[in-house]
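Visitor: My questions concern the predicted model and sequence given below.
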Amino acid sequence: MSVQSWLNRVWYERASPPWWLLPLSLSYGAAAGARRYLYSKQLRKSIRVASPVVVVGNLSVGGTGKTPLVCWLVARLQELGFKPGVVTRGYGGSSENVRLVDSAADPSIVGDESLLLARRTGVPVAIGRDRPSAAQLLVSAGCDVVVSDDGLQHYALARDCEIVVVDGERRFGNGWLLPAGPLRESEARLRRVDAVVVNGGRAQLEGALSMRLEAKDALSLIGGAIKTLREFAGHSVHAVAGIGNPERFFNMLRGYGIEVVGHPFPDHARLQAADISFPDGRPVLMTEKDAVKCAGFAGAQHWYVPVTVNFEGGESKLLLDIVTRAMTLRTARA
């Protein structure tokens, strides 16, 4: 069992973590709290770029659905006439420099999520450990709003609107901070954000909006042919997922009546040909994030499943109103 698999069991399946992890969590919490205090008292400087900044982040490590929500938000802002850009860290990539991401870039250099964002949204995407400098690249490229994929805890970049995405199934795990639990910050942080969005599941938080990730089709990695997921119903497939919560992807496929042989990998895993090659000839379905890393060695049996965000009732308009109102207030103060 890998360290990450063991930690996931501790975080999401046990009522309390091992005692020897607790001092580490207390130390982590003290360091994180001191860092927040320094920024709140302006003892450490938050840099504000010329365009409004909207952060889409989470409290826990691992996938909660931030990236699909970023894609949704970028598309809605474009419909309103804005010119958004996306800033992200570039996790999984080797690049240490602040740079714009080309849609033909090597995912091993720029990271899988940043390449997915560039291809899916078609807007400028900037990566870098120095998020203020990366955001400035977007402003210089003509973007009038910066959407940050993750970065809720990256206080060096001043922001005008904060959206937290919560996994409705796993929620906050055992409620402990890292490493005894999955949390980067305590649940109390939710009281200071502009919007909380619960992704799937039955967990509800007071005042939170509800979204679901939906998928209908699978696209071939070779040639781009499209099949509906219902065409795979009743058949056995290999499912590959190198994301924060692989079971979410596997269960989504099972919901279509597909018999899934799951192959979970760590988030941002650098997949190789051997990881997606199986001797039985069954179809292989993978996430869109994994597909950007596998296109160079994929075969006819390999398909990826893009997901889209769907909101309940009028909650999509409510979230968009929250974002645009924050942007308007920023413009008025400028």
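Guide: Structure's in. What do you need?

Visitor: Tell me who's in contact with Glu315.
Guide: Leu209, Ser210, Met211 (Cβ atoms under 8 Å, 6 or more residues apart in numbering). For the C-beta atoms, the positions are set from N, CA and C on the backbone; glycine is no exception.

Visitor: okay but Ile127 is in contact with Gly90, surely?
Guide: Yes. Assessed by Cβ atoms under 8 Å, Ile127 is found in contact with Gly90 at 3.3 Å.

Visitor: anything in contact with each of these two?
Guide: Val101, Val110, Gly111, Ser114.

Visitor: Including neighbour count and distance to Ala158, could the residues you listed go into CSV?
Guide: Shown next, in CSV, are the shared contacts of Ile127 and Gly90 (neighbours: other Cβ atoms under 10 Å; distance: Cβ to Cβ, whole Å):
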residue, neighbour count, distance to Ala158
Val101, 25, 23
Val110, 24, 25
Gly111, 26, 24
Ser114, 31, 22
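
Visitor: Which members of the contacts of Glu315 occur in strands, if any?
Guide: Using DSSP state E, the subset of the contacts of Glu315 located in strands is Leu209, Ser210, Met211.

Visitor: Which one (most neighbours) among the residues you listed?
Guide: Met211 (23 neighbours; other Cβ atoms under 10 Å).

Visitor: Can you spell out which residues form a bridge with it?
Guide: Asn199, Phe311 (DSSP bridges).

Visitor: who touches it in this structure?
Guide: Gly65, Leu69, Val197, Val198, Asn199, Gly200, Val309, Asn310, Phe311, Glu312, Glu315.

Visitor: Quick check on these: which are buried?
Guide: Gly65, Leu69, Val197, Val198, Asn199, Gly200, Val309, Phe311, Glu315 (16 or more other Cβ atoms under 10 Å).

Visitor: Closest to Ala218 out of these?
Guide: Val309 (18.4 Å; Cβ to Cβ).

Visitor: can you give me the strands for the stretch 1-150 of the chain?
Guide: For the stretch 1-150 of the chain, the strands defined by DSSP state E, counting those that start in this stretch cover 53-57, 84-88, 99-100, 125-127, 145-149.

Visitor: Determine which stretch of the ones you listed is the most buried.
Guide: strand 125-127 (a mean of 30; mean count of other Cβ atoms under 10 Å).
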